[in-house]
Every structure is written in structure tokens, then in C-alpha cells.
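>>> got a sequence here, can you build the structure:
(3 chains)
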Amino acid sequence: MAVVHDPLKQPAGRIENKNTTCYMCACRCGIRVTLRDGEVRYIQGNPEHPLNKGVICAKGASGIMKQYSPARLTKPLRRKAGAERGTAQFEEISWEETFDILEQRLKKLRATDPKKFALFTGRDQMQALTGLFSKQFGTPNYAAHGGFCSVNMATGMIYTMGGSFWEFGGPDLDRAKLFVMIGTAEDHHSNPMKMALSKFKRNGGRFISVNPIRTGYSAIADEWVPIKPGTDGALILAIIHELIRTGLYDREFLVQYSNAAELVSADEQSDDFGLFARTDIPHAPDCFDPQDRVWWDRNQNKALHARTAGADPFLLGEFILPDGRKAKPAFQLLKERVESYTPEWASEVTGIPVETIQRLAHEMGITARDEKIELPIAWTDVWGKDHDTVTGNPVAFHAMRGMAAHSNGFQTIRALTILMSILGTIDRPGGFRHKAPFPRPIPPCAKTPKSPDDVQPNTPLNGMPLGWPAHPNDLFVDENGQPVRIDKAFSWEFPLAAHGLMHNVITNAWRQDPYAIDTLLIFMSNMAWNSTMNTDNVRKMLNDKDDSGEYKIPFLVVCDAFQSEMVAYADLVLPDTTYLERHDVMSMLDRPISEFDGPVDSVRIPVVPPTGECKPFQEVLIELGSRLQLPAFTRADGTRKFRDYPDFITNYETEPGSGIGFLAGWRGKGGEKFMKGEPNPNQWEMYEKNNCVFHYEMPKSFQYMRNWNRGYLNWAQEHRLLRHAEPINIHIYSEILMNFRLAAQGKLDCKQPPDHLRKRIETYFDPLPFYFEPLEASLTDKHKYPLNAVTQRPMAMYHSWDSQNAWLRQIHAYNFLYVHPKTAQKQGIDDGKWMWVESMHGKARCLCRYSEAVEPGTVWTWNAIGKAKGAWRLDKDANESELGFLLNHVISEELPPHADGKHISNSDPNTGQAGWYDVRVRIYPAGADEPQMSYPQYDAMPALPGTGKTGKVLKYFAGAFRRKAEKVGKQ
Amino acid sequence: MHPAFSVIFLTTLIGVGQGVFLALFTGQSYSALELLPIQDSMRFYGNGAIIALVFLIGGLVASFFHLGRPERAWRAATQWRTSWLSREVIALPILMFFVFVYGAMQRFGWDQTLFTNTAGVTLQLSLVVATLGMLATFALFICTGMIYACLKFLQEWYTPLTVINYTLLGTASGFVLVTAFASYSAPELMRFYGIWSTIIIVGAFFTRAASLFRNNRIKAKSTLQTALGVRHNKIQQKSMGFMGGSVNTRDFFHHASLMFMKRMKWIFLVLVFPVPIILLWLGMSNNSTSILLAAFIVQYLGLIAERWFFFAQANHPQNLYYQTI
Amino acid sequence: MTQLALVIDLNVCVGCHACVTSCKEWNTSGSAGFMTDENPYGKDPTGTFFNRVQTYEIGEFPNTETLHFPKSCLHCEDPPCVPVCPTGASYKRESDGIVLVDYDKCIGCRYCSWACPYGVREIDETQKVMKKCTLCVDRIYDQSLPESERKPACVLACPTSARLFGDVHDSESDVSAVIREEGGYQLMPEWGTKPANHYLPRRKTRMRIHEDELQRADNPLNKEQRGPRGPIDAPTLDDSTSW
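Residues are numbered from 1 along each chain as shown, chains lettered A, B, ... in the order given. As a prediction, this is how the structure comes out:
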């Protein structure tokens, strides 16, 4: 019988294809969007894009449901007079009125006390612009999400070897033979990691996953090593111990490319105890890192200038310098440090068997030593020595938030970087490889202001809002050593807080510690729900008033694309566009999408017009910058400099005539230059023609050993990626940290910490990595709260964003607490039943799910699936709010009062990284008489004006969807 | 499986209709052989055929509730070469046609004697039509039963007992109804039908019990190991890939407790077999149409439970993939 | 005879659900018409999906394997769903072995879904017709697409290339090669449905360490040894021998 329905028939309609860049997560894959009659028909990975080469993930393929989500905000809104914050009572206002309100308020603040304006953003991919705006405004109170994400990963690695994972570098799985992944969130660096993993496995590589939980990537690991959360440092230090004990480290690499052989003054009495011995070899005045250290030469048995041709230094031993001081090579100090970190000791701490720890060390060491790669690539090192080949030791690592989000994360990640270094795997084939603009000097040159005087009315900030302190004198504190920033970043509490401490902004502003602010502008961050620790109290703080009836945080502006929980607390709501509706840049000034082989940046170009009155946040900033007459946005005569954001991107230069702008590709008048060159009026068109991406592939000889590669360093300096073409040697021993310790000991003539923080600085600013129990755990009664609780993000969701996505929320409609059956049974909790999870800060009722894939001392859940009632435009009885829960309710943003102070952030004492995963909990069954519902519950958030309709049935069909919806709307 | 009420009613209602018609055919055959007194066809066979037709139509109507697109139902007759469902769709109207013709012949007296043998036994045209109808009835029982019995991975159904039970239970319910009808319309036949009803119920009891016995001992051929191709004795599903349910969680599993299942089994075992027999004999000895009608109603309710249980007991191997949210 | 099929490599599937939603987005606006979602923003959201990724745990801690298991219509060579269809709406294409549903013939009786042991047929609750994976038949023959993109949407999307697509009857094809070489298998072989889709099992890479790799001639610790070395002018045998 004849076929009636022709399965090959394409539905009628006008088809267009447009390229842009995805933003369903932070990965930034190239996408090709097919439109039918102007509606999104298909979003696929762009096959010609260097990052994802045509693939796409679950989120990317669900972009349609984000674009047409009923949760979208489409109109500027103002809190109704008399309505309480949090009740989400809003009225629509015009953009003109919105800008007037902001202009008036901000103008006054800028003219009086600019730091009363604070701008904090989520994972926005436009930190170069938001940072620029804040600097121009003159406020130091700016940061993005990094402080509560993975700043430990960035700082721990950058302060050690000048690069970091994800955007700035990663494992070379094309050539690695052994790959060890530690604590990696499943949505981080997702598509490239997935692609590389499968290729790696198919090539026969061995993949080991160290993680308390076996899901996602870990599922396909050849070996799963379950570990207790927060103890990664112990494991790594024991592996280093074993590698040194068995001599499985790369001596040649360490000698030449790290400070392992450099002599450190070991005389406890001397003033320079703990500092490197130095020669008085002259160096250029603008030299960043003078090469003036000392080796003890084996051949001549005497001290020599480090890296003297022909010299071969001792890595171990103790020596007497000509001036009589005792000195030891940094490697000797490392060996002494790890002496007590035996596998037996680490086994107790981590829960990993001794044999496993030893075997891991042996596998790493033997693979690195015996599977060496020699690539026939000639290069010249920075000391002038020619090399015929590039050597690789094919052991690669990747780690992310699982390791970072502990208060001991910085030192743990220092240890990891040192492990990678002693295996000789830095910027070498099969190991870790950098991505432009990294490697950077250690630490990078950008610095914050150093004094309260750098914040002046009607003046741009004297320095960057975020930077990389290299010395106690770089701290941003007042004469009493007190913080200048609202989040206390770069103060003695968190000296290396390179990404700020967004998780403490609301608490500090509410407590007016260190001072009160006036206006808090939050962009794209759900600080009233899953992006904050201590959710319940933060919601109260946002709504708290002083005696005069004024809100403690007087004016709250929220810019978001969706009706999130945070929006309910805004005084003013700015409706943002989606990624399909706007221009964007993934800039070299921010976090580009570079590849191992060279710099890459990319753009977004709108594929559909903005919905309703949505306005990209970039346009809001350009408009505000112009109205406030911030110098970067204004001509000398006070008139507006840039028509709009695309115009800004085309014409903005970091300094007049610098030739450096947000985009690196097709610079120069005709697009003939890159990295540096005059503005090109047709730059956007050129990006558009080239899949929205600029990719410069460097010569092979520049692609490896970049910390010491003369060709690369000179090229990078010439193209203004770097100021200094100097070697970037690995800091096995960190003199930078030692300086802070000396300051705390009163031994260094520099800014001094307040007395109550001296001990803290002295302890945690250890120049060598060490293991300590996470701060919160050390302050918890572990008999009462015996379990660790952590969250993970599922691959099909990104933060809180995707519960408004009709397709993705079917995959994760609510969340369970995953518990090992024995752990649960001990408490009498049944599979699938209601239970309580409680910490010393709070408790939550949730559903239990037994799992054999979790370390029995750990419980975990998917993050940000649980929602407040009515938020994200979900029905009041949606699973997310009734069955889903948020672990944030049991996590605190501050530690219990102790010796370091009363109100101190629950963060890494070095970097201010939020200690999300340090919380200790206990679990018990919910009572039979309790409601079958998650706890806590909140009053339902009403639908905001301008949001869409939610029907019982969704029939998406591109080209007919909106027409139909409009028709229904009219009826 | 998740018992769908449309299908429960379809199969039980047409079962009654088929049983009623078989009863009429049996009665008339006995009469033709002069083993029973000849009935007033107008009152008994004619109205009996109407009863059968009403139940068949009732079943047909119920079946439409099972279709997503009833307006296309005519297409269901096209695949008789391969599909038992298609065959059922053909057999049912054919049966209805014969029942209708038979009923009309009886009701309007259009019957003819085809021949009479020397012993005086006559062959009526209506009996020829009834014979064709009888064949159609059995064909329909086979089709209906085979719809379930042909699905080899539904092991509880994949047995000749399925067809036999459909046939015997449908026939029994029809005979019981006709017994009640006879007590009202042709009392001299009541006992004849009552005895046959009892025999068929007892027979059905043994075959249905045999299937229960068999199903209790089934070893599932499919396991999580074969479903996934993983050899390990401990495999647990942790996620189905969706959390709000899907057609796979709605259509293939009854979501009832084990207790409920057990109860349903005993309810149908009691209501379908002993109670109707007791009521039958009570009704016959008291010559009470209402008690006999009660026997039918009780048994029909029992059959609904039986059919619910029939579906619920079938374990679809797809459920291996849909166990845990 | 051609038999198109997917080969799913469980060895590299990380359970990201890319295949699930890319399938949904392609097909909801394709010839399968829209694919209904019910309660899209309410309690118990549910919808028509042709492909799902499930998760299983195998074994006991610490020897646990977590298995991500994508499943869609397996396009059986002897599909039990086809002969039972009363209308002929379910059919298997002779030219390429794809099992399809003719949405204009289907009466929505669900019998085919009963006849499928794999649970991969999905009634569309709005259109009331049975739907299922089409292997993106409307992509793979579309001459307007570049040849490299004439593949099912799930295959194009899969970040780990865990989904391979090709003719399993052509012994020269890539899919046949991996089935042969990597131990490809079929689901529920006991029913004789001969699924065209195959799965590749997990494979482990192990490392064996030999004792002699740890006792190394190139041990760098050797270079750190400083033998006891006396001062050059201290007395030696040279000062007092007479041989």
C-alpha cells in the first residue's frame, strides 16, 4: 500500500543559516542556527569551529527552549511603591525612565564616594567590559563569579607555573598516555573535554578519575579512585613523596625550568630566611623576574649563578654559601616537606588504600619516564640554547572545582602543579599545554590599587579592580591594614583574592563591614538562591531594614534574562537579551577560547531580534558610561563616544593608539593585522565571514615550552601579549608566599597584617604546599556531623538557568540526595524516601537515593535543580520546588567565630575561594507525619509583568510557534 | 502492563456477545436435533440475537476509546495477512453481520426450512446462518486471544491458554446471561443453559487456574543483563533519563501494589467461578430471573477484575528499562 | 540489502544527553511534526522523545561502574512492531531497513508499542499517533545538506562520537568494522528481533608495573649522592708509603 506520509518531505518555509557562539554554558562552542520563517528551527555545532568542531551538547541543542521560554523578562520593571523586596511586586517602566533613575543615582555616588556603587556579575563572559566600566566609574567594588567558582584553580596554578586549566591551558590528550582527572564538574569545559576524552580512550590511553563520586566523565574512567572530599592535597603530597623516594621525577626539567635547584636561605636566624640566595648580577631596571639565583654546582662543588652554562646543580643537600649562610635547594625543602606525607599517612586521610596511592605514583612516574615523546620540532630556549626536539612526558592532569572549592584548595592546587612539574609535563606534548594569552609572568602584572586614596570622586580607579598581588605591599588595604573593598579581597584576610569574593558582598554590605554601600548592581547571578551560600539568611539580609526604615542595602539593581529568584529582590530590573539576540566578544582581554596551537577569540552576532524590550547588558553599560561621562566612553567635549556596543568593540583601544582592543582578529584599517593594530571598521563582518572566530596558528616551534621558548616569548612580546620576554620559571618554592609569611612574622619591612591575622597568614602562606584539614571541618564537631556533602552540576544543566527549559527540565525535574546504601541504612533511611540533611548552619529535607557510586562518607546532589516556588516561571506545584532542594541551605558564607575573627568568610585563607565543599552534615529520616515535600519552602513568586504564558501543552514547531501563540493570546 | 479500561470493556463485552450467540446457536442446534423443544424464534432467538448484538456493539464502542485516531479506524482492516488485531477488526463486523442477519431472520420470521430428513429433523436456513456465525464467533475469540498470545516476549500471554481462556470465559458469561434470559423468556430452556453454564464455568476455572499456575512459574527470559548486554549480577538503574514520566512508565506498568494485585486475583477467582455457579443453581431452583441476572452481573464484574489482572500480570520486558527515576 | 543503523559506544558515552535534545530539536520541527511536551512548566513534565539516556550502577562500592546507556529505536531486522500493526502505518523500508511510522495511517492503537520489547515507541499525546526514531531519514537523504551532515542529528551532536552511523550489512563499513573488532552486541538477543543498532562494550586500559621499572639505572637520586670527600691537604697514604 502506498505511503501516505512522506517522511522525507521538508516542511515549507523560508530557511536561513546563521553562525554565532553558544551560551547555554560557559564553553562557547561555535553554533550554526537554522531559522525557518525567522524562528529557530535547529541549532547545531558549527563543524568549522576550532573549539567544538561540529558537536553540541544537551544544553546547546536546547537553546530553542531558552529563546522562547516564558520565564524571559521582556520589560524594565520597578518595584511597586510600598511592596516588600522578595514579594516580586513590580510595575513596568520605560528604558528612558530606567536610565534616568540609574544616571541620577550613580552620578551622585560617583561625585561623592564611588565605592558606594558595587557591580558584581555572574559567569558573564564580559568581564573585560564590566571591569572597565567599574574602573572608569572609580569603584573598587567589582568582581565576577570567580571567587565562588574556581579561583583556587587559577591562582594555585598561575602562582606556580604561570598558567591554569580550562581557558588558559589544559591536558594534551592527543598525546597523553595516562590521564588523571581530579574533581571535575561535569559541565566545565564540557565539549572539548568530552571530545578529547573519547579520542584519548580510543587511542588506548589510560584514564584515572579521582573523585568521591563516579558519574559523568568518571563513568568511563579505566579506574575510579574514590576519595574523601577536601583531601586531594594529602593524596598529591603522598604521590610526590613516593615519586621523590623512588626517583621517578624529571631531574633535567626541574633543574632548568623550575626553581628546584635554586638555593634558599636556610638560616633561621638570618633576615632573609626562606628567601632565595641571590647574586649581584646586573639586570635591566624594568626586568620582571631577575635571573639572579644561585645553584650549588656538582662539578665544581661550589655556588654558581643559576643556569650557568655547563653547570649541574645539586637538587638535594645543605650547603654553606660563601658568606657563611646555610642554604638548601628548593627541592631539598620540598623533599623535607613531603617526608611525613607517606602513602600510609595519606591513606588514613583520603580513604584510599596505600597500595593504590603507591601504584598511582608509580604509574605516573613510569609513564612519564618510559613513554617519553620526542617531537622533531626545533626551538631555542630563552637562554639561547638550541634544541632539536621537543620532549614530552605523556602524563596529563585535569582538575577543577572539586579540588578548588575547599578552603585548603590553593595549597592543594599548588601541590598538583608541583606534581605536574616534577613529572616534567609543563607545556610539553602529552602533558599540560598553555593557551594564549598564557603563560603569564608569576604572578601576572595586573595590580589593584594599593591604598584608599586610589578611590577618588569623579575619577577612574587608579589600578585594576582585580589583580595579582606579588608582595604584601600590593595589598589593597588602608593604613590600619583594613580592607578597602566591600568583599575584603586583597586584604590580609584574603591576600590573593584574584577574582574577588562575590559570596560575601551581600553579607558585608548588610553588616556595613567594612562600610555601607548604596547601590548594588547584580548581573546574571542568582544571589537569592543557588549562587549564594546561606540562602535563607541572604534573602533576609536583602530584605532587611535599619531603624529608619531604609533598606540596609539601599538600592538593588538586577539585570537578568529570566525571572530568577534574585529578580524578586530587585528595586529595578533590567531585562537582558539571550545569546541569540546580541553581539558579544570572547576577548583576549578576558577569557578567550584559545587553542594549544595559538590564540583564538570569537564573537556572537545576533541571529534573531531582541524579544520585547530586552536590551543587552553591554548596551546598558555603554549607555550608562556615556551618560555618566566616564572618560573611556566620552569624547573630550563630553559627548558620547560610541554609538552602541558593536561600535565600542570596533573602535575602543585600551589606550589611545595602543592598537589593542577587545578583538584580536582582523585589526588594522583593512583587517590585515592581528593582536595589535588600528581599529578596523569592518571587523565584525570579517568575524561573521569566518564562522565568528579568529584563530591564529603559531609556528610549531612556538607551540611548546612557552615559558622558556625564546621564539614564542619574543613573538608574544611583539604582539603585546606579554610585556616581558623573560623566562617564566616554575615556582616549586614560592618566595611570593614566603614574603607574606615574613610580613606576618614581622620580619619584612612592608605593610603589616592586623595582629589577629598574623598567625593565619604565617600558617597558610607556606612557601611549600602542605595539607591541612578544610577550615570548616576543623571547626565542626565531626562526631555530630560525620559526613561530607558536596554538589555537582549535571551535564544537561548549567547553573540555575535550565529549569525554565522545557526539554532539559524533563531530564532533571528534581534532585535526590545520593547516599551510599550502608550510610543511609545505618540511619534508617530508605531508598526514595524523605530524609533530612543537616549541618551546623541549617537543614534541608530532601529525597534519598541509594548509590554505590559514592564514597560512603560523602553525600551529594545535583546543584541548582531545586527552585523557589514560582521562580523561573514554573507552576507553583512544579517538581523543582516541591521535590527538589538546594544544598546551599546547609552551607554558610562565614565560618563560626574563632581566633581569626568573628566574621570571617568560609573561604580559602589565601585566595578567598568559597569553601562550598567543606560543609559537614548528618542525615536522618524524615518523620512519617511530615509533609512529603522538600524543606525549606517559600511563598510563591508571582509571574512578573512581561513574562510569557505557560500552557499545559507545548507544541514547538519552528515557523508556526509564535504565530500560533499570538493567535491564542489574542483569543 | 497497564490495564486500559477501553480494552477491558472491549474484550469482556464482546466476550459476552459472543457467548450469548454461542448459547443461541447451541440451543437451536439441540432443538434441530430435537433434543430440546423448538423455541418461539421471535421471542427467544430473535431477542437473544439483539442482546448479543448490543454487547458486540458495546465492545466496539469501547474499542474506539482505545484509539488515538478513531476516524481512521477503517484502516485497521488492511493488514489481515500479518496482524491479529487487523483480523479481529475484520472478524468482529462479520460476526455482527451474521448475528444481525440471524436475529432479523428469527425476529421477522424470514426463516426457511432447507430440508427435512426422514426422521423429521429439519435444517433451518437460520441454523446455517447461525453456524456461520458460530464459526465467526470462534474466529473472533481466536483473533482476540491471539492479539495477546502472539506477543512472545509477554510471556504471561504467550500461551494457547490465553486463547482458550478468552473463549471459555466469554462463552461462560454469555451462557449465564442466556440462562437468565431463558428463565424470563423460555423457562423450559433455563436448566439446559444453566447446566451448560456450569460446565463451561468449571472448564474455564481449570484453564484459567492453569494459566495462573503457569504464570507463577515463569522465568523471565529477559533480564537487566540481556537488556543492557552487561554481565554482572548486581545492576541497578539510577535514572530513566526523564523524571516526569513518559509513555513508557504509563502504558506498561500498573503501578498497583502487590497486595492490590493479590486482592484482584482473589476477587476475580471468587466472582467469576463459585459465586455465579451458586447463584445459578439458586436462581434455577427458585426459578428467579433476578437471581440469575445477578449471577451474570457478578460474573461480569469478576471478569472486569479478571481482565484487569490479565493485563496487570503481564510483565513487559521494556519495564526493565524504566524502573527508577 | 542496506540496513542503516547506529552503533553506540558505551566505552566513551559520558551520559551528557546531547543526543536526546538534538534529536528533539531536529524532529520537533521536522516531518514528524511537532513533538508534544505536556506540563512543560508544571508538575511532572513529560513529552515525546525518540531517544533517552539512562544511567545504571553496576557492582558494589568501591568496584562500581556507572553506565550511561542511550537507547532509541533499534531498527530491528525482524521488527516485531511491524507485523502487528493493523493499518500498515508501521513499516520497514526495504531500501535501507529503517523502521518508520506513517503518521497519516496510524490510528494510535498503541499495539506496536506493546509489541516492542525495548520500549522505544512514543505515542504523541497530542497528535495521538505513534512516533519513533526515524534515523533522521529527512536528513540523511537531503541533497541540500553537505554530505558530512547527512547524518542523524544525534550522531552529529554527540561530543564523544559515541554514536556511529552506517550500513551494518556492508561488511566494509566503519560500523561493521567496529562491531566486528570491538565486540559489538545486540540488546535482548533472546527474542530474535535482530536489532540493527549495536552497542560496543566498555573496554579497560590497564597498566602493569614490573619491578625492574622501579629499580632504575637512570634514578636521578644517584646524582645527588655526595661521597664523603676529605680535604685535599689532609694526610693520605701518599705521604707515608715507601713502595
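>>> mind telling me what element the closest residue to chain C within the stretch 51-200 of chain B is part of?
Using C-beta to the nearest C-beta, residue B:68 is the residue of the stretch 51-200 of chain B that sits closest to chain C, at 2.0 Å. (Glycine included, C-beta is placed from N, CA and C.) Taking DSSP states H and E as the definition, one finds residue B:68 inside no helix or strand.
>>> quick check: the gap between the closest residue to it other than its chain neighbours and residue A:951.
Among residues not flanking residue B:68 along the chain, residue C:108 sits closest, at 2.0 Å (C-beta to C-beta, 6 or more residues apart in numbering or on different chains). Residue C:108 sits 22 Å away from residue A:951 when distances are taken as C-beta to C-beta, to the nearest Å.
>>> more neighbours: which of those two?
residue C:108 (21 against 16; other C-beta atoms under 10 Å in any protein chain shown).
>>> would you map the helices across the stretch 201-325 of chain B?
Counting by DSSP state H, counting those that start in this stretch, the stretch 201-325 of chain B has helices at residues B:224-228, B:247-250, B:258-272, B:274-286, B:289-313.
>>> can I get those in a markdown table with mean pLDDT, distance to chain C and mean neighbour count?
As requested, the helices of the stretch 201-325 of chain B are exported to a markdown table (pLDDT from 0 to 100; distance: least, C-beta to the nearest C-beta, whole Å; neighbours: other C-beta atoms under 10 Å in any protein chain shown):
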| stretch | mean pLDDT | distance to chain C | mean neighbour count |
| --- | --- | --- | --- |
| helix B:224-228 | 97 | 5 | 20 |
| helix B:247-250 | 92 | 5 | 20 |
| helix B:258-272 | 96 | 20 | 16 |
| helix B:274-286 | 96 | 31 | 18 |
| helix B:289-313 | 97 | 10 | 21 |
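>>> point me to the residue of chain C nearest chain B.
residue C:108 (2.0 Å).
>>> residue contacts, that residue?
Residue C:108 is in contact with B:67, B:68, B:69, C:123, C:128, C:129, C:130, counting by C-beta atoms under 8 Å, 6 or more residues apart in numbering or on different chains.
>>> just those residues now: which is nearest residue A:820?
Of all the contacts of residue C:108, residue C:123 has the smallest distance to residue A:820: 38.4 Å, by C-beta to C-beta.
>>> for residue 147, what are its contacts?
Unless you meant another one, I'm taking chain A. A:487, A:489, A:497, A:499-503, A:907, A:911-914.
>>> you answered for a different chain; I wanted chain B.
Residues counted as contacts of residue B:147 (C-beta under 8 Å, 6+ apart) are B:84, B:85, B:88, C:111.
>>> farthest pair within the residues you listed?
Using C-beta to C-beta, the contacts of residue B:147 span at most 10.4 Å, a distance reached by B:88 and C:111.
>>> tell me which of these two has more neighbours.
Legend: neighbour count by other C-beta under 10 Å for residue B:88 and residue C:111, higher for residue B:88 (26 against 23).
>>> where does the stretch 751-900 of chain A dip in pLDDT?
Within the stretch 751-900 of chain A, no stretch has pLDDT under 70.
>>> chain C contacts on that one?
Contact residues (C-beta under 8 Å from any C-beta of the partner chain) of the stretch 751-900 of chain A with chain C: A:795-796, A:804, A:806-811, A:813, A:820, A:851-856, A:873-875, A:877-879, A:882.
>>> and the residue of chain A nearest chain B?
Among all residues of chain A, residue A:813 sits closest to chain B, at 3.9 Å; criterion: C-beta to the nearest C-beta.
>>> that residue is in contact with residue A:879, isn't it?
Yes - counting by C-beta atoms under 8 Å, residue A:879 is a contact partner of residue A:813 at 4.1 Å.
>>> hmm, back to that, want to throw the helices of the stretch 201-325 of chain B into a markdown table with distance to chain A?
A markdown table is the format used below for those (distance: least, C-beta to the nearest C-beta, whole Å):
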| stretch | distance to chain A |
| --- | --- |
| helix B:224-228 | 14 |
| helix B:247-250 | 12 |
| helix B:258-272 | 16 |
| helix B:274-286 | 39 |
| helix B:289-313 | 22 |
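>>> so the nearest residue to residue A:429 once chain neighbours are set aside bridges to which residues?
Among residues not flanking residue A:429 along the chain, residue A:392 sits closest, at 3.3 Å (C-beta to C-beta, 6+ apart). Applying DSSP bridges to residue A:392 yields these beta-bridge partners: residue A:373.
>>> quick one: the helices in the stretch 351-500 of chain A, in order.
So, for the stretch 351-500 of chain A - with DSSP H, counting those that start in this stretch - the helices run A:354-370, A:401-404, A:409-422.
>>> ok, chain C next?
Assigned by DSSP state H, the helices in chain C fall at C:18-28, C:81-84, C:111-114, C:137-140, C:153-157, C:174-181, C:211-214.
>>> now the longest one - C-alpha only, CSV.
As requested, the backbone C-alpha atoms of helix C:18-28 are provided in CSV (Å, rounded to 0.1, in the frame of the first residue of the first chain):
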residue,chain,number,x,y,z
ALA,C,18,23.3,15.7,23.8
CYS,C,19,21.7,13.0,21.6
VAL,C,20,18.5,13.4,23.5
THR,C,21,17.9,17.0,22.9
SER,C,22,19.5,17.4,19.5
CYS,C,23,17.1,14.6,18.3
LYS,C,24,14.2,16.5,19.9
GLU,C,25,15.1,19.8,18.3
TRP,C,26,15.6,18.4,14.9
ASN,C,27,12.4,16.3,14.9
THR,C,28,10.0,18.7,16.6
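>>> could you pull up the mean pLDDT of it?
Average pLDDT, helix C:18-28: 97.
>>> quick check, it touching chain A?
Yes - counting by C-beta under 8 Å from any C-beta, chain A is contacted by helix C:18-28 at C:18, C:20, C:21, C:22, C:24, C:25, C:26, C:28.
>>> okay, now the fourth one: neighbour count?
Read it as residue C:22. 30.
>>> and the helices of the stretch 351-500 of chain A: which comes nearest chain C?
helix A:354-370 (5.0 Å).
>>> over to whatever residue of the stretch 201-325 of chain B ends up closest to chain A: give its phi and psi.
Residue nearest to chain A within the stretch 201-325 of chain B (C-beta to the nearest C-beta): residue B:243, separated by 3.9 Å. Backbone geometry at residue B:243, expressed as degrees, to the nearest 10, gives phi -120, psi -10.
>>> pull up the gap between it and residue B:325, please.
Remark: distance between residue B:243 and residue B:325 (C-beta to C-beta) = 5 Å.
>>> ok, now residue A:24?
Applying C-beta to C-beta, the value for residue A:24 to residue B:325 is 24 Å.
>>> on that earlier part again, mind listing what the residue of the stretch 201-325 of chain B closest to chain A touches?
A:810, A:811, A:812, A:813, A:814, A:879, B:325, C:44.
>>> go through these and say which is closest to residue A:270.
Distance to residue A:270 across the contacts of residue B:243 (C-beta to C-beta) is lowest for residue A:812, with 59.2 Å.
>>> ok, now which ones touch the closest one?
Neighbour list for residue A:812: A:794, A:796, A:797, A:802, A:803, A:862, A:865, B:243 [criterion: C-beta under 8 Å, 6+ apart].
>>> which two of these have the greatest separation?
The widest separation within those (C-beta to C-beta) is 13.6 Å, between A:802 and B:243.
>>> neighbours of the spatially closest residue to residue B:316 that is not a sequence neighbour, just the number please.
Sequence neighbours aside, residue B:252 is the residue nearest to residue B:316 in space, at 4.5 Å (criterion: C-beta to C-beta, 6+ apart). Using other C-beta under 10 Å, residue B:252 is surrounded by 20 other residues.
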